[in-house]
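Student: could you look at this predicted model? Sequence included:
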Amino acid sequence: MDNMCQVYEDEIQSLEEEIKLLTEQCEDIQQESTSYSEEEILMAIKSFQSEFQGESEGCESPSDLKAQLESLEADLSFLMKFTGIQFTSHSKKTVERTRNRTVQKHRVSGTCYSLSFQLEFQLLEMQDEEKVSSVITDLSIVMESGEDLNVSKFVSRTEEHGDLLTFFRSLSLHAEWYEHRRRTFLHFKEKYPAVVTLPEGLQGDYIVLRNPKLSEFELMVVWKIHLDEEGRTTPVLDLLTKVPEQVLEQNKGSIEDAPRRFRSLLGLFGIETAIESLIKVVGSQD
């Protein structure tokens with residue numbers, strides 16, 4: 001019932017804002033033109049209030065509303081688990097309202113797996129005799145991405161086109177890869193603590209493999225998550241080596257060929273198996 005009360009309170013607050021806006025618009029009209037009398041303006045406001053009250057009285061019973069609310073909450077919970085997207089706050093403000101045009105300003109923040117985001121945009125709704133159309137304008141996105149130039153380009157393109165559907169679809173997949181990488185790094189760190197180190201923590205994009213007995217020899221597995229301007233996410237992995245000169249001279253061919261072999265392992269067995277194969281090789285060196 002608390003949720004239902006909150007819904008009604010939000011509607012009342014929204015109505016109050018709309019009445020205030022309508023009153024201001026009427027005052028402006030009155031100052032600029034003598035076409036509308038004060039009595040006509042007050043009648044228009046009362047008509048608007050009566051219309052809203054009539055809609056409220058025609059609502060379904062509290063039990064039906066509660067059942068619908070529970071169903072919506074269940075659907076929302078499923079979508080959050082499926083996409084990883086969870087909204088933490090949302091506010092809206094009506095900045096313009098006419099008979100066939102409404103402009104609302106929205107602010108939204110949330111998380112997608114371990115990545116956070118903030119959105120601000122205006123929603124323009126226009127109604128004619130046949131349909132209602134909506135257009136997003138003035139879209140601004142703040143997305144946790146560090147200094148990732150690819151993410152910045154994607155965000156800029158999304159802001160330019162006002163395409164929120166593509167943004168959330170791409171964000172879900174992109175953040176899912178981040179989460180997959182984080183869990184993979186954590187798994188290998190816990191399973192092979194003597195060999196695996198994470199210089200930048202779980203949010204970093206590489207791990208270092210080092211045998212404690214051969215500290216000068218190490219392999220670095222770099223795991224980038226590329227996001228292009230169209231919103232497509234691609235994992236990009238590579239292998240870097242750090243080998244003492246004496247060892248390099250003796251095994252130059254095999255060491256220089258290690259990155260190519262690692263990429264072959266990725267294609268044949270997948271990311272986890274390829275990385276674990278390297279860990280076992282490094283850990284077995286004497």
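Tutor: Received it, and whenever you're ready, just let me know what you need.
Student: now stretch 196-216: buried residues?
Tutor: Buried residues in stretch 196-216, counted by 16 or more other CB atoms under 10 Å: 196, 205-211. The way it works is simple: take the backbone N, C-alpha and C, and place the C-beta from them, glycine included.
Student: what's that stretch in contact with?
Tutor: Here stretch 196-216 makes contact (CB atoms under 8 Å, 6 or more residues apart in numbering) with 114, 181-182, 185-186, 188-189, 194-195, 217-225, 242-244, 275, 278-279, 282-283, 285-286.
Student: tell me the span between the first and last residue of that stretch.
Tutor: Using CA to CA, to the nearest Å, the end-to-end distance of stretch 196-216 comes to 14 Å.
Student: tell me the mean pLDDT for stretch 200-208?
Tutor: The pLDDT scores in stretch 200-208 average 92.
Student: ok, stretch 138-148 next?
Tutor: pLDDT averaged over stretch 138-148 gives 79.
Student: and the contacts of that stretch?
Tutor: Contacting residues not belonging to stretch 138-148 are listed as 115-122, 151-152, 155, 158-159, 162, 164, 167, 171, 227 [CB under 8 Å, 6+ apart].
Student: ok, now stretch 263-283?
Tutor: Contact partners of stretch 263-283, identified using CB under 8 Å, 6+ apart, comprise 184, 188, 192, 194-196, 207, 209-211, 217-219, 221, 223, 235, 237-239, 262.
Student: which of the contacts of stretch 138-148 are buried? Put it as a ChimeraX command.
Tutor: A single ChimeraX command selects the buried members of the contacts of stretch 138-148 (16+ other CB under 10 Å):
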select :115,117,119,121,122,151,155,158,159,162,164,167,171,227
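Student: taking the contacts of stretch 138-148 one by one, which sit in strands?
Tutor: The strands, defined by DSSP state E, take in 115-122, 227 from the contacts of stretch 138-148.
Student: tell me which helix or strand comes right after the host helix or strand of Ser264.
Tutor: Element membership for Ser264, per DSSP states H and E: helix 258-269. As assigned by DSSP H and E, the chain's next helix or strand after helix 258-269 is helix 271-284.
Student: for that following helix, the distance to its chain's centre please.
Tutor: Taking CA atoms, centre = their mean, to the nearest Å, the mean C-alpha location of helix 271-284 is offset from the chain mean by 33 Å.
Student: with stretch 163-170 instead?
Tutor: That offset, for stretch 163-170, works out to 8 Å (CA atoms, centre = their mean).
Student: list the contacts of it.
Tutor: 83, 85, 119, 121, 136, 139, 141, 154, 158, 227, 231-233.
Student: so of those residues, which ones are in helices?
Tutor: Per DSSP state H, helices hold the following members of these: 83, 154, 158.
Student: least confident of those?
Tutor: Within those, pLDDT is lowest for Thr83, at 80.
Student: how about it, what does it touch?
Tutor: If you count contacts by CB under 8 Å, 6+ apart, Thr83 has them with 112, 168, 172.
Student: alright, calling it a day.
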